[in-house]
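Trainee: pasting a predicted model and its sequence here:
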Amino acid sequence: MQRRSTRLWLICVLLPGLLLLSGARHRQRLHDPNAAPRPITSRGRLAADERATIKLFQKTSPSVVYITTLRRDFFNLNMFDIPQGSGSGFVWDQDGHIITNYHVIQDASRAQVTLADQSVWEAQRVGVAPSKDLAVLFIQAPRDQLKPLAIGTSNDLQVGQNVYAIGNPFGLDQTLTTGIISALGREISTTDDRTITGVIQTDAAINPGNSGGPLLDSAGRLIGVNTAIYSSSGSSAGIGFAVPVDTVNRVVPQLIRHGHIIRPGLGIRLADDVTTRRLNLPGVLILQIEPGSAAQTAGLQGTWRDRRGRIVLGDLIIGIGSKPVHTANDLLNIMENHKVGDTVTVKILRDDERLRLPVTLQRVR
């Protein structure tokens, strides 16, 4: 019993010292005064797809701009501008035209454009197309500082081909994201409750601040303008949308020439869709025919009151050519596939009689 007590006493006395010695030796192993950087392993050439992506970014990023907007504070007696937001855009030509989304500059009193060389320019609004979510700005920058993007086409795109988005997500300028075309022919709604058709869907990461920036193909050509994302969080969920370049290339020259889109139309005023649905009408109801319009020349009839004050419904447009018309938006979208001077066949319903009337489209606002 005494020997056991002696052993326990020795362990209690000696153990701390042994642990201290062991810790000292361990610390010597943790810290090596001869430690040095490891030799670098040569990686060899970048893969062909990496080199292509780097080359594409170097070629196209000088064309991408950063747009900041300001809003006038009318509630302050000193009338000063306060920051509103930011977005992306790109150089259209060397004359100084910059393309972005309409919603980027929609409520702004001022806008500034920062080029890739970090020079900042005050921008003037040239024209807007809310129904296409497109806007044209103008800056007075020297021509040699403006690098326009090459223009592609969107009518031969294929699901699965590579795409590249450059923009300023969350204000981080000159950001490149990559992906593929996930789908074609999508539809999205705009700020004026119109529908943009033929929209490109992509999984390239698009976040707030990317709006108005370019979507490019593997040749570095513009194929779309990034405009929206589908996300419950407000950040990229792998579903982004871009206005197709064929639409952009048709609308932008009109905005530069006139400040607005020149639309072909019939020269009529329609009842709203809520009214036609409430009356259970199959098509869109013509409320009024403009005097001297294409519709009047063709013999279309608007809504009117008889001598007793009773409302007599006008013609119901149920189709244009081979395409059916169910809503006012249907009619507007069909019109945009035509130009002023085209003659179309308007299918109408009048007093339960179906008629087909040729109408030569006129210019409307």
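Mentor: Thanks, I have it.
Trainee: off-centre distance for the host helix or strand of Val344?
Mentor: Using DSSP states H and E, Val344 maps to strand 343-350. In this view, strand 343-350 has its centroid 34 Å away from the chain centroid, taken as CA atoms, centre = their mean, to the nearest Å.
Trainee: pairing partners for that strand, with directions?
Mentor: strand 316-320 (antiparallel), strand 353-360 (antiparallel) (DSSP bridges).
Trainee: put the alpha carbons of the last one into CSV.
Mentor: So the one you mean is strand 353-360. Only the C-alpha atoms of strand 353-360 are listed here, as CSV (Å, rounded to 0.1, in the frame of the first residue of the first chain):
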residue,chain,number,x,y,z
GLU,A,353,-70.7,38.3,-89.1
ARG,A,354,-67.1,37.5,-89.8
LEU,A,355,-65.4,39.9,-92.2
ARG,A,356,-61.9,40.2,-93.7
LEU,A,357,-60.8,43.8,-94.5
PRO,A,358,-57.4,44.8,-96.1
VAL,A,359,-55.8,47.7,-94.2
THR,A,360,-52.6,49.6,-95.2
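Trainee: okay, buried residues for the first helix or strand past it going along the chain please.
Mentor: Moving toward the C-terminus from strand 353-360, the next helix or strand (DSSP H and E) is strand 362-364. Buried residues in strand 362-364, defined by neighbour count with 16 or more other CB atoms under 10 Å: Gln362, Val364. For the C-beta atoms, the positions are set from N, CA and C on the backbone; glycine is no exception.
Trainee: how far off centre is strand 362-364?
Mentor: So, by CA atoms, centre = their mean, the centroid of strand 362-364 is 28 Å from its chain's centroid.
Trainee: quick check: closest non-adjacent residue to Asp192.
Mentor: Distances taken as CB to CB, 6 or more residues apart in numbering place Pro130 nearest to Asp192, at 4.5 Å, with adjacent residues excluded.
Trainee: okay, how far is it across stretch 306-326, tip to tip?
Mentor: 27 Å (CA to CA, to the nearest Å).
Trainee: tell me the mean pLDDT over it?
Mentor: For stretch 306-326, the mean per-residue pLDDT is 91.
Trainee: give me the contact list for it.
Mentor: 279, 281-287, 289, 300-305, 330-331, 334-335, 344-350, 354-355 (CB atoms under 8 Å, 6 or more residues apart in numbering).
Trainee: how near is Pro39 to His31?
Mentor: Pro39 is 22 Å from His31, where distance means CB to CB, to the nearest Å.
Trainee: neighbours around Leu266, how many?
Mentor: Burial of Leu266 is recorded as 26 neighbouring residues (other CB atoms under 10 Å).
Trainee: residues touching it, list them.
Mentor: Ser293, Ala294, Ala295, Ala298, Leu300, Met335, Val346, Val359, Leu361, Gln362, Val364.
Trainee: still on that earlier bit, same list (the strands paired with strand 343-350) but as TSV, adding mean neighbour count and distance to Ile139.
Mentor: Listed next are the strands paired with strand 343-350 as TSV, based on neighbours: other CB atoms under 10 Å; distance: least, CB to CB, whole Å:
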stretch	mean neighbour count	distance to Ile139
strand 316-320	21	40
strand 353-360	13	40
